[in-house]
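>>> have a look at this prediction, sequence included:
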Amino acid sequence: MTALRPEREDSYGAASYESFGGDHYAGGGAAGGAGSGPGFGPGADPYTGAPYTGEPYRPPADDETVALRIPPASAFGGGPISASGVPAAPAAPGTPAGGRAARRKAAKGRHGRHGGHGGQGGQGEVAEALDGPDAPSQDERPVSRVEARRRQKARKPSAAVVASRAVGEVFITTGVLMLLFVTYQLWWTNVRAHAQADKEASSLQDDWASGKGAPGVFSPGQGFAILHIPKLDVVVPIAEGVSNKKVLDKGMVGHYGEGPLTTAMPEAKTGNFGLAGHRNTHGEPFRYINRLQAGDDIVVETQDEYFVYKMASSLPVTAPSNTSVLDPVPPGSGFTGPGRYITLTTCTPEFTSKYRLIVWGKMVEERPRSKGKPDALVE
């Protein structure tokens with residue numbers, strides 16, 4: 001209930017009206033006041049008229065009263081309590097007493113209108129913050145322009161550091177370029193040369209099948225035969241001349257047919273048919289001719305015939321100027337008289353051109369194409 005109610009005697013007993021905040025009754029009371037009466041003096045019981053002695057009476061809590069009451073301070077240790085009845089946490093040091101307006105006013109006094117430090121109190125707090133344990137280090141504090149420039153200059157690398165970095169970049173760039181060059185030489189040149197050699201071999205076979213090819217003298221770079229080395233799984237076209245650009249770098253084998261190093265053709269009755277080829281890169285058709293042994297087959301296929309040779313001997317190392325290996329009867333080959341021979345030449349050791357590797361063979365069969373492939377090419 002929220003309505004006002006008169007006090008009840010049966011609840012408060014003989015308590016005086018004065019103890020509930022009422023006015024003192026005057027003795028012999030004056031008329032006109034509610035609750036005044038004769039014989040009611042100060043300190044007297046308003047109901048019995050007997051004098052009242054002792055401490056003022058404190059009424060018990062009314063269960064029906066809904067108004068809020070402030071409990072005694074000793075109930076919660078003297079601190080404030082929250083609305084839920086739980087003691088509130090003590091205010092932080094320096095927090096102004098009062099409500100929100102008081103706190104806002106105090107904050108404006110400390111930091112100024114726009115958050116800056118205002119007044120002597122603000123300056124003291126700034127000084128305390130800068131000198132406190134959490135103060136920024138010397139390097140983090142603002143510095144003058146001269147000091148900033150000096151520090152920036154000190155951070156710049158010296159000439160020696162710049163030079164060392166430049167040299168390092170040059171070395172790295174050189175290494176990358178060398179790696180690209182090696183990749184080009186060892187991989188890409190083979191890919192391109194194999195494609196060109198296969199194209200030339202197919203073109204030769206198409207010409208032979210259509211009858212366009214004609215035996216005779218061939219121009220430099222022109223293909224006229226196909227070399228087979230079954231043991232090494234080599235099938236490569238033979239072109240006229242030993243030019244790197246026109247013949248060898250295209251993955252083909254070149255015939256010594258120009259100038260003082262001219263050698264015989266396979267169909268000649270006597271002579272030495274000399275061939276040259278790369279051992280490494282650009283198709284490397286002669287890379288493994290050092291593995292050939294006596295009796296291994298070497299076959300030259302032309303438009304009309306197959307010429308079958310048997311490997312006879314080899315010369316592992318000789319000077320590039322030793323052209324006698326192409327003679328009709330080459331010295332050191334084991335041949336004692338004129339015959340129909342073949343000579344294969346290439347560079348050695350591998351990946352160098354310092355010396356030459358020589359392989360010789362002797363013709364053992366001349367077979368017309370009309371009779372089919374020789375046994376050396378029949379699987």
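Noted; the coordinates are in hand.

>>> for residue 226, what are its contacts?
201, 204-205, 235-238, 300-301 (Cβ atoms under 8 Å, 6 or more residues apart in numbering). Every residue, glycine included, has its C-beta placed from N, CA and C.

>>> do that again at 6 Å, thanks
With contact set as Cβ atoms under 6 Å, 6 or more residues apart in numbering, residue 226 has these partners: 201, 237, 301.

>>> in stretch 330-343, what's buried?
Across stretch 330-343, burial judged by 16 or more other Cβ atoms under 10 Å covers 330, 333, 335, 340-343.

>>> so which of the residues you listed sit within strands?
340-343 (DSSP state E).

>>> show me which of the residues you listed is closest to residue 155.
The shortest separation between residue 155 and any of these is 70.9 Å, and it belongs to residue 343 (by Cβ to Cβ).

>>> just checking, residue 281 touches residue 189?
Yes - Residue 281 is in contact with residue 189 according to Cβ atoms under 6 Å; the separation is 4.7 Å.

>>> could I get the buried residues of stretch 330-343 as TSV with pLDDT and distance to residue 271?
Converted to TSV, the buried residues of stretch 330-343 look like this (pLDDT from 0 to 100; distance: Cβ to Cβ, whole Å):
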residue	pLDDT	distance to residue 271
330	96	11
333	95	13
335	96	12
340	97	7
341	98	7
342	98	10
343	98	11
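
>>> element containing residue 189, please.
Of the helices and strands defined by DSSP states H and E, residue 189 is found in helix 189-210.

>>> and the contacts of that helix?
Contacts of helix 189-210 with the rest of the structure, by Cβ under 6 Å, 6+ apart, involve 213, 223, 226, 236-237, 250-252, 281-283, 303.

>>> give the buried residues for the next helix or strand after that helix.
Following the chain from helix 189-210 toward its C-terminal end, the next helix or strand by DSSP H and E is strand 223-229. Along strand 223-229, these residues count as buried under the neighbour rule (16+ other Cβ under 10 Å): 223-229.

>>> out of those, who's nearest residue 179?
Distance from residue 179 was checked for each of the buried residues of strand 223-229 by Cβ to Cβ. The minimum falls on residue 229, at 32.7 Å.

>>> look up how far residue 203 lies from the closest one.
Distance check for residue 229 against residue 203: by Cβ to Cβ, to the nearest Å, it reads 21 Å.

>>> same deal with residue 373?
20 Å.

>>> what's the strand or helix carrying residue 345 packed up against?
When elements are defined using DSSP H and E, residue 345 is found to belong to strand 340-348. Secondary structure elements in contact with strand 340-348, counted by 3 or more Cβ pairs under 6 Å, 6 or more residues apart in numbering; DSSP states H and E, are strand 271-276, strand 355-368.

>>> okay if I get the ones you listed as a markdown table plus mean pLDDT, distance to residue 219 and mean neighbour count?
Rendered in a markdown table, the data for those read as follows (pLDDT from 0 to 100; distance: least, Cβ to Cβ, whole Å; neighbours: other Cβ atoms under 10 Å):
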| stretch | mean pLDDT | distance to residue 219 | mean neighbour count |
| --- | --- | --- | --- |
| strand 271-276 | 97 | 18 | 23 |
| strand 355-368 | 97 | 25 | 18 |
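
>>> residue 256 is nearest to which of these?
Proximity to residue 256 (Cβ to Cβ) singles out strand 271-276 among the helices and strands packed on strand 340-348, at 4.0 Å.

>>> which residues touch the closest one?
Taking contacts as Cβ under 6 Å, 6+ apart, the residues outside strand 271-276 that touch it are 242, 253-254, 256, 263-264, 266, 326, 328, 341-345.

>>> turn those residues into TSV, columns for distance to residue 163.
Written out in TSV, the entries for the contacts of strand 271-276 read as follows (distance: Cβ to Cβ, whole Å):
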residue	distance to residue 163
242	49
253	52
254	50
256	54
263	58
264	63
266	64
326	56
328	64
341	63
342	60
343	56
344	53
345	50
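
>>> just the buried ones from those residues?
242, 253-254, 256, 263-264, 266, 326, 328, 341-345.

>>> which two in those are spaced the farthest apart?
Greatest spatial distance in these: 253 and 328, 20.3 Å, computed using Cβ to Cβ.

>>> in contact with residue 343, which residues?
Applying Cβ under 6 Å, 6+ apart to residue 343 gives the contacts 272, 274, 325-326, 360.

>>> and which of the ones in strands among the buried residues of stretch 330-343 is nearest residue 169?
When those are compared for distance to residue 169, the smallest value, 50.3 Å, is given by residue 343; criterion: Cβ to Cβ.

>>> and the residue nearest to the closest one when sequence neighbours are not counted, how far from residue 203?
The spatially closest residue to residue 343, leaving aside those adjacent along the chain, is residue 274, at 4.6 Å (Cβ to Cβ, 6 or more residues apart in numbering). Distance, residue 274 to residue 203, by Cβ to Cβ: 24 Å.

>>> do you know the pLDDT at residue 105?
Listed pLDDT for residue 105 reads 77.
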